[in-house]
Each structure stands twice: as structure tokens, then as C-alpha cells.
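Model the structure of this input:
(one chain, ligands or ions: 1)
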Amino acid sequence: MSESDNSALNFPKRFLWGAATSAHQVEGGNHNQWTVWELENAKTKSVQAEYHINEFPNWEHIKHEAKSANNYVSDKLADHYNRYDEDFALLKQMDMNAYRFSIEWSRVEPREGVWDAAAIDHYREYVMSLKRLGIEPIVTLFHFSLPVWFAEMGGFEKRSNVRYFVRFAEKIIGELGTNVRTIITINEPEVYATESYHYQAWPPAKHSNYLWWRVVNNMAYAHKRVAKSLHAMNRRYKISIAKNSVYFYAGDNAWLSRASAAVMQYFQDDYFVKKFIKHCDFLGVNYYQSERVYGYRIHNPTDKVSDIQWTLAPADLQYVLERLHQKYNKPIIITENGLADSEDENRQWWIIQSLIAMQRAMKNGVELRGYLHWSLIDNFEWAYGKWPRFGLASIDYKTGDRALRPSARWFGRIIKKIRSA
Ligand code: IFM
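As a prediction, this is how the structure comes out:
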């Protein structure tokens with residue numbers, strides 16, 4: 001499909017076309033459990049980069065940044081907290097009608113039980129600015145960052161702590177009222193649990209299968225409590241989690257490869273989705289990569305990888321959507337999809353392939369409601385820091401200048417054509 005030949009694309013009028021971010025990754029100036037951890041670990045990470053990521057495809061290009069401690073400290077970032085109007089203008093430039101963002105809990109409730117009126121006003125105004133532009137706000141309540149006080153009392157490790165998250169959800173959604181209709185309670189629960197309680201790559205960097213299991217189950221419980229409570233406030237809220245899916249497929253026809261791929265797929269998706277789905281009005285799906293299985297091992301093709309070495313297989317989005325639709329029969333919003341591509345070499349190709357995959361899945365019965373590209377602007381990629389560039393718009397971290405990349409300008413023209421067809 002080229003820009004001039006998008007005749008095959010046929011999306012419903014109310015389809016949500018947008019992009020996503022999360023507070024800690026773009027706002028700048030936060031103080032949460034991540035900022036504390038970043039300051040403690042930046043130096044070590046800058047030294048380890050030489051050994052941990054030197055095989056990445058563009059190592060020569062990024063090594064200067066990756067070996068600097070400053071890369072691992074979020075600090076000011078894009079200063080989205082103050083410059084969000086400029087970023088909303090980018091959405092408009094691409095003719096988008098939806099935007100997913102997260103509310104920074106540590107700003108709204110900096111100390112336990114103490115609400116910050118200025119922060120709440122900020123998010124109210126933020127949402128109103130989107131509404132004035134005709135952009136549908138999609139709010140995430142937990143996107144990996146937690147207030148320090150909550151993390152210090154054990155975060156999601158303790159079931160008794162869930163009430164604090166429920167109270168925060170009730171407070172902020174109560175304040176935003178019906179200006180918000182679509183709510184993601186928890187972003188990628190299993191990614192958070194695994195990075196934080198298995199790989200020790202994210203705070204609190206513990207290694208405990210028991211804690212991992214408890215955190216996953218407490219997040220499922222938190223989702224259920226928040227969904228029930230918000231639905232009691234307004235039955236029309238559309239609530240889900242954002243589930244990160246990876247597509248596993250057998251690389252040959254051997255029974256072991258096929259069985260292993262099926263088992264891996266189960267533990268990637270169903271083990272988690274089953275815990276949440278009963279209290280979801282739709283399913284948020286994040287898709288970035290596939291894994292090819294031979295025997296019981298992963299051997300991925302290496303022809304196309306992103307800057308952080310994820311295998312690029314955008315067409316597989318079709319199978320992810322179809323599988324989740326067949327299993328759970330809920331409407332789906334693609335809540336994240338994209339790639340780290342600092343040179344903007346593969347992004348347009350990625351988007352074309354994703355659009356075709358979505359179109360095919362819809363023809364095969366998937367009730368797809370929206371597509372949100374990750375990310376609107378370059379952002380803080382957690383343990384990797386600032387060097388990976390996921391943005392439709394680039395950020396110059398020295399000047400704060402933002403500019404749509406060529407692929408994003410192209411995507412904007414495609415969205416315009418589709419929406420005006
Ligand atoms: O940046 C992250 C985001 O916070 C959660 N989903 C995956 C993205 C890319 O790694």
C-alpha cells in the first residue's frame with residue numbers, strides 16, 4: 001500500500017486514530033519510585049551499557065548517549081507537563097482524534113491522603129484542552145510509576161494496599177467526570193511484575209517468584225475493584241487493562257515447536273487475560289513483537305530488528321487480534337503499537353503493515369475500535385533511558401523542540417484520507 005493507493009483501507013467513521021504516552025515517560029519533573037531508583041542506578045547502568053547492549057544494531061550511533069549516566073535519569077524530558085499544548089498540536093497535525101496518556105499518581109497524591117489541588121486542576125485542564133480540539137482522551141491510571149510513599153509501603157505486593165489505588169482512581173476520575181469515557185486501569189501488568197520482580201530491571205528490583213505472583217494477582221484484584229467502583233459512578237465508562245501481547249509461532253512443523261509455541265502463547269496472554277477480562281468492557285492490546293519457536297527455544301529471524309533489537313513483524317498483529325477476539329470476544333483497542341527507530345527507517349513500513357493487518361482482522365470479524373501508536377513523542381524508555389526513539393515526533397532534549405518525523409507526516413496524510421473518505 002502506498003500513499004496514493006490506500007483504497008483498500010476502510011475503517012468505521014468513529015474509529016479512534018491516535019497516539020499514546022505515559023506520564024513518567026514524557027512529563028519531566030516527576031518525583032516517584034522511578035526517579036528515586038534512577039538516581040541510585042544511573043551511574044552503574046552507564047557503565048554496564050558497554051557490556052549489556054553493545055550488540056544492538058546501532059550501538060556505534062548510540063554508545064555516546066548509552067554510556068552517559070544522564071541518559072538514565074528522566075529529569076526534564078520533553079517537559080510535556082508544561083508543553084502539552086504543543087504536543088496536542090502534533091496530534092491535530094496528524095488529524096488524530098484520540099490520545100492515550102497516564103495520570104501521574106505521585107503528583108495528584110504526593111503524600112498519603114493529601115491531594116494536590118494544582119495537579120488535579122492541571123489534569124482537568126489537560127483533558128479539557130483535548131476535548132476542545134475534538135480529541136478523545138483515553139486515561140491510564142497505572143503506567144509503571146508509583147508515589148514513593150506507596151512504593152515504600154510495599155506497592156502492589158500487599159493486598160491491603162490496593163485500597164489506596166482504588167481511592168486514587170475514584171478521586172481523579174471523580175474530578176475528571178464524564179469528560180473521560182475510556183479508562184485503562186493498569187498498563188501491561190505482567191511486564192511490570194516481570195521486570196520489577198523477576199529480572200530486577202525496574203524498581204523495586206526484587207527477584208521473587210512469590211512476590212511476582214502476588215503482584216500479578218493484586219493488580220488483577222485492583223483492576224476489579226476500580227472497575228466496579230468506577231462503573232458504580234457511571235455505567236458508561238469503558239474500562240480495560242492494556243495487555244502486552246507477543247505473537248508466538250512455530251518455525252517448523254515439528255510437534256514440539258507447535259506445542260511449545262502454544263504453551264508460550266498461553267502464558268503470554270491467557271494466563272493474565274483470564275484474571276482481568278471479566279471486568280473489562282473492551283480489551284486494550286499492545287503489540288510490538290513476535291517470537292519464532294523451534295523445539296522449545298526461540299530463534300528469531302534477524303533481518304529486521306528495531307533499535308532495541310526487537311524482531312519487527314508488524315503483519316502478525318492480525319493474528320494477535322484474531323486470536324484474542326476468538327478467545328474473549330470483546331471489542332479491542334490497540335492501545336500501543338510502534339518501534340524504536342531513531343533514523344525513521346522502518347516506521348512507515350511498520351505502520352503500513354499494521355494498517356493492513358488491522359484491516360484483515362476486521363474483515364475476519366474482529367471488532368476493532370481504535371489504533372494508538374506508541375509513541376506520540378520520544379520518551380524515557382525505562383531501564384534503557386532516553387536514547388531509544390519511539391516518537392512519531394522527535395524531541396531535541398537540549399532545546400525541547402519537537403518535530404514530526406517524515407513517517408508521521410505521511411501517517412497524518414493517510415489518516416486524513418481515511419477519515420474523510
Ligand atoms: O515504552 C513502553 C511503554 O511504557 C509500555 N509498552 C511498551 C513501550 C515500549 O517499550
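
all contacts plus neighbour counts: C-alpha atoms, from now on.
Fine.

where does this structure have its least confident helix or strand?
The helix or strand of the chain with the poorest confidence is helix 59-66; it has a mean of 94 (mean pLDDT, DSSP states H and E).

Check the secondary structure at S245 for me.
strand (DSSP: H, G, I helix; E, B strand; the rest coil).

Now do it, the pLDDT please.
pLDDT, S245: 98.

Tell me how many other residues crowd it.
Counted by other C-alpha atoms under 10 Å, the residues lying close to S245 total 21.

next one: R235
Neighbours of R235 (other C-alpha under 10 Å): 11.

a strand runs through it, doesn't it?
No. Counting by three-state DSSP, R235 is not part of a strand but coil.

can you pull the contacts of the closest residue to P204 other than its chain neighbours?
Among residues not flanking P204 along the chain, S196 sits closest, at 5.8 Å (C-alpha to C-alpha, 6 or more residues apart in numbering). By C-alpha atoms under 8 Å, 6 or more residues apart in numbering, the contact set of S196 is 202-207.

What are the contacting residues of the least confident helix or strand of the chain?
By C-alpha under 8 Å, 6+ apart, helix 59-66 touches 46, 49-50, 53-54, 71, 384-385, 387.

which among the residues you listed end up buried?
46, 49, 53, 71, 384-385, 387 (16 or more other C-alpha atoms under 10 Å).

quick one: the strands in the stretch 201-350 of the chain?
238-250, 283-294, 297-298, 332-337 (DSSP state E, counting those that start in this stretch).

what pairs with the one residue sitting closest to the centre of the chain across the strands?
Central residue of the chain (C-alpha atoms, centre = their mean): E336, 5.0 Å from the mean position. Beta-bridge partners of E336, counted by DSSP bridges, are N286.

distance of it from I356?
16 Å (C-alpha to C-alpha, to the nearest Å).

Tell me which residues touch the closest residue in space to R402 that isn't next to it in sequence, please.
Using C-alpha to C-alpha, 6+ apart and skipping residues adjacent in sequence, the residue nearest R402 is I395, 4.7 Å away. I395 makes contacts with 78, 377-378, 401-403, as judged by C-alpha under 8 Å, 6+ apart.

can you put the strands of the stretch 201-350 of the chain in CSV and add distance to P314?
Listed next are the strands of the stretch 201-350 of the chain as CSV, based on distance: least, C-alpha to C-alpha, whole Å:
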stretch, distance to P314
strand 238-250, 10
strand 283-294, 7
strand 297-298, 18
strand 332-337, 9
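
Go through the ones you listed and name the closest to Q25.
With C-alpha to C-alpha, the closest approach to Q25 among these belongs to strand 332-337: 14.1 Å.

Dump the contacts of S196 to CSV, plus distance to E86, pLDDT and neighbour count.
As requested, these are exported to CSV (distance: C-alpha to C-alpha, whole Å; pLDDT from 0 to 100; neighbours: other C-alpha atoms under 10 Å):
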residue, distance to E86, pLDDT, neighbour count
W202, 30, 98, 21
P203, 31, 98, 20
P204, 34, 98, 17
A205, 35, 98, 15
K206, 39, 98, 18
H207, 41, 98, 16
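
gap between S420 and G113?
S420 is 47 Å from G113, by C-alpha to C-alpha.

Between these two, which is the more surrounded one?
G113 (11 against 8).

Next secondary structure element downstream of the least confident helix or strand of the chain?
Using DSSP states H and E, the next helix or strand after helix 59-66 towards the C-terminus is helix 80-93.

could you check the angle strand 332-337 makes with the helix or strand just after that following helix?
Using DSSP H and E, the helix or strand that directly follows helix 80-93 along the chain is strand 98-102. Angle between the axes of strand 98-102 and strand 332-337 is 60 degrees (criterion: axes from the mean of the first three to the mean of the last three C-alpha atoms, to 10 degrees).

For strand 98-102, name the packing helices and strands.
strand 16-20, strand 136-142, strand 368-374 (3 or more C-alpha pairs under 8 Å, 6 or more residues apart in numbering; DSSP states H and E).

and of the ones you listed, who's closest to L283?
Judged by C-alpha to C-alpha, the one of those that comes nearest to L283 is strand 368-374, at 9.7 Å.

Could you export that closest one as CSV, CA atoms only?
Output of strand 368-374 as CSV, limited to C-alpha atoms (Å, rounded to 0.1, in the frame of the first residue of the first chain):
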residue,chain,number,x,y,z
LEU,A,368,-11.5,-3.1,16.4
ARG,A,369,-12.3,0.3,17.8
GLY,A,370,-9.0,2.2,17.6
TYR,A,371,-5.3,2.4,16.9
LEU,A,372,-3.0,4.3,19.2
HIS,A,373,0.6,4.5,18.0
TRP,A,374,3.4,4.3,20.6
